[in-house]
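Asker: With the input below, show me the fold.
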Amino acid sequence: MKQVLTLFFAFIALTLSTAQESTLDLTFEKEHISLGEVKKGEKRTFQYTFTNTGTENVEIAIVSGCECTTLDWTRGIIKPNEKGIIDVIFDSTEKEASETVDVDLYLKNINPKTEARYLFVLDYTFELKQ
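Answerer: Predicted coordinates:
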């Protein structure tokens, strides 16, 4: 009987310690955005909006895209349940064809399993109209 109780309490202790571990998760309203037809030389402005749905604070280190993309983003700590925004300006002036453009979001947070920054890859597409 003592062994059963010992195992039971060990299971409870393990469950509680696992439940208290922090998690990192961002939930995006849209990860893929279609701009539709875009005339050569036209600029389009749009946003990626996300919520920190994890249990730990996050902070954006950098957001990058191609040279056709100007980016700005929420600075500072984004607490659980708070929103963040990535503002995007796309300039089609130098584009010669339709394409999908990646927007890479790197957090300052380090993934303990990989010892690398967390990375989220978003994208947008456009159809170039001459």
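
Asker: Next up, the contacts around residue 128.
Answerer: For residue 128, the contact set (C-beta atoms under 8 Å, 6 or more residues apart in numbering) comprises 37-38, 40, 92, 95-99. For every residue, glycine as well, the C-beta is placed using N, CA and C.

Asker: Distance of it relative to residue 118?
Answerer: Using C-beta to C-beta, to the nearest Å, we find residue 128 at a distance of 32 Å from residue 118.

Asker: Just give the number of residues close to residue 81.
Answerer: 10 (other C-beta atoms under 10 Å).

Asker: quick one, what contacts it?
Answerer: 51-53.

Asker: Same check on residue 28?
Answerer: Contacts of residue 28 by C-beta under 8 Å, 6+ apart are 48-50, 120, 122.

Asker: Identify the bridge partners of it.
Answerer: residue 50 (DSSP bridges).

Asker: Look at it and report its pLDDT.
Answerer: Note on residue 28: pLDDT of 98.

Asker: rewinding a little: in a markdown table, list the contacts of residue 128 along with secondary structure and pLDDT.
Answerer: As requested, the contacts of residue 128 are exported to a markdown table (DSSP: H, G, I helix; E, B strand; the rest coil; pLDDT from 0 to 100):
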| residue | secondary structure | pLDDT |
| --- | --- | --- |
| 37 | strand | 98 |
| 38 | strand | 97 |
| 40 | coil | 96 |
| 92 | coil | 97 |
| 95 | coil | 96 |
| 96 | coil | 96 |
| 97 | coil | 96 |
| 98 | coil | 97 |
| 99 | strand | 96 |
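
Asker: Please, a PyMOL command that selects the buried ones among these?
Answerer: To isolate the buried members of the contacts of residue 128 in PyMOL, using 16 or more other C-beta atoms under 10 Å:
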select buried, resi 38+92+95
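
Asker: of the contacts of residue 128, closest to residue 26?
Answerer: Relative to residue 26, the closest of the contacts of residue 128 is residue 99; by C-beta to C-beta it sits at 25.0 Å.

Asker: and the gap between the closest one and residue 91?
Answerer: Going from residue 99 to residue 91 by C-beta to C-beta gives 13 Å.
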